[in-house]
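Chemist: Generate a structure from the sequence data that follows.
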Amino acid sequence: MDDVETVIRDPDADALAEEVRTGLQKTPKALSSRFFYDAEGSRIFAEIMRSPEYYLTRSEYDVLDTYKADLLRLITPDNRPFELVELGAGDGLKTKILLGFFESQRADFTYAPVDISADALEGLVVDVRKQWPDLPLNPRHDDYFSALEHLSSETDSRKVILFLGSNIGNFAPDEAIAFYQQLHDRLKPSDIVLTGFDLQKNPAVIHAAYNDRQGLTRAFNLNLLRRINRDLDADFDLAAFDHYETYSPETGEARSYLVSQKAQTVDIRSLGMQVPFQDGEIIHTEISRKFNRSQIEHLAQQTGFSLTGWFTDSKGYFADVIFIR
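Modeler: Residues are numbered from 1 along each chain as shown. Predicted coordinates for the structure are as follows:
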């Protein structure tokens, strides 16, 4: 098989600048977690996934490894060809469980990983190509919906969308509804969405996952400021900011913040901006929602999907759920 050429469209060329321009003028200040994943951010997150407190990766790995045969039967009961489209593929750690099993069962499919991090995507392509030389690959460096529209126009194969890692938890409730409605509108009848949902559980377990003793989550958040310094010619002093995390069991929301440790002004030269901070002022960087089953069922009903598969790990910490269009 020929070497795979990644279809590249840089979705972040202007998006980071616009996010910083608007987000740092809000009250409270806010920046999207989508910009965490430059090369260094992707490297740090790979370490987070291996940390003892961060149960999410291990839990989902348990689900996919235990139920991979059941998932394949639900995905293609008639052995029809399909395109496995992974939104936010990252390093593909858990997806490789499915790739290896599907290959061993001679499933007829193409793997189309989609990621906004070119570094993570290129690394994944090299790794998959090495492990499964004959697996058809169609990687996309793009945002989710643009990639899905292009893929849908190229082939009529059944689409199986992977949205793993509880990435849906990064969306506010109305954003999650809009996300699945957009998926619904871009898919055809019988297409599938397989989503990972982090489930509500003992609050102490969740809180510890975002406050690891090694300080990896802190470094992950602060790297966003380092990226802004590099890409937008800013002068954030990383030592003058700290990471703060909170979890509310009432709302099921874990929230991450960067906190200014003093009164200061940051110069973002490429935007011609000077951004003042008060001592203790925050930048909201991430929300990680946790779900219960009734919320997930309601999400499917609201957005035109049918929930046809529910799989959890041995502790009941995490669920991978199949929605069918």
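Chemist: Show residues contacting the helix or strand containing Leu98.
Modeler: Leu98 is part of helix 95-104 when elements are defined by DSSP states H and E. The contact list for helix 95-104 (C-beta atoms under 8 Å, 6 or more residues apart in numbering) reads 61, 64-65, 68-69, 71-72, 84, 86, 89, 92, 109, 111, 113, 128, 131-132, 135, 162, 164. Where C-beta positions appear, they are placed from N, C-alpha and C, glycine not excepted.
Chemist: Just the buried ones out of these, please.
Modeler: Burial by neighbour count, judged by 16 or more other C-beta atoms under 10 Å, picks out 61, 64, 68, 71-72, 84, 86, 89, 92, 109, 111, 113, 128, 132, 135, 162, 164 from the contacts of helix 95-104.
Chemist: so of the residues you listed, which ones are in strands?
Modeler: Applying DSSP state E to those, the entries found in strands are 84, 86, 109, 111, 113, 162.
Chemist: and which of those residues is nearest Leu16?
Modeler: Checking those against Leu16 by C-beta to C-beta gives Pro113 as the nearest, at 21.8 Å.
Chemist: so who does the closest one touch?
Modeler: Contacts of Pro113 by C-beta under 8 Å, 6+ apart are 86, 89, 92, 95, 121, 124-125, 128, 137, 139-140.
Chemist: Please name the bridge partners of it.
Modeler: Glu86 (DSSP bridges).
Chemist: confidence score at it?
Modeler: The model reports Pro113 with a pLDDT of 88.
Chemist: quick one: it from Glu18, how far?
Modeler: Distance of Pro113 to Glu18, computed by C-beta to C-beta, to the nearest Å: 26 Å.
Chemist: ok, now Ala319?
Modeler: In terms of C-beta to C-beta, Ala319 sits 35 Å off from Glu18.
Chemist: pretty sure Gly169 is touching Arg289, no?
Modeler: Yes. At 4.3 Å, Gly169 counts as touching Arg289 under the criterion of C-beta atoms under 8 Å.
Chemist: Touching both of these two, which residues are there?
Modeler: Here Gly169 and Arg289 have Asp198 as joint contacts, going by C-beta under 8 Å, 6+ apart.
Chemist: Show me the shaky parts of the protein.
Modeler: Across the chain, the ranges flagged by pLDDT under 70 are 1-13, 151-153.
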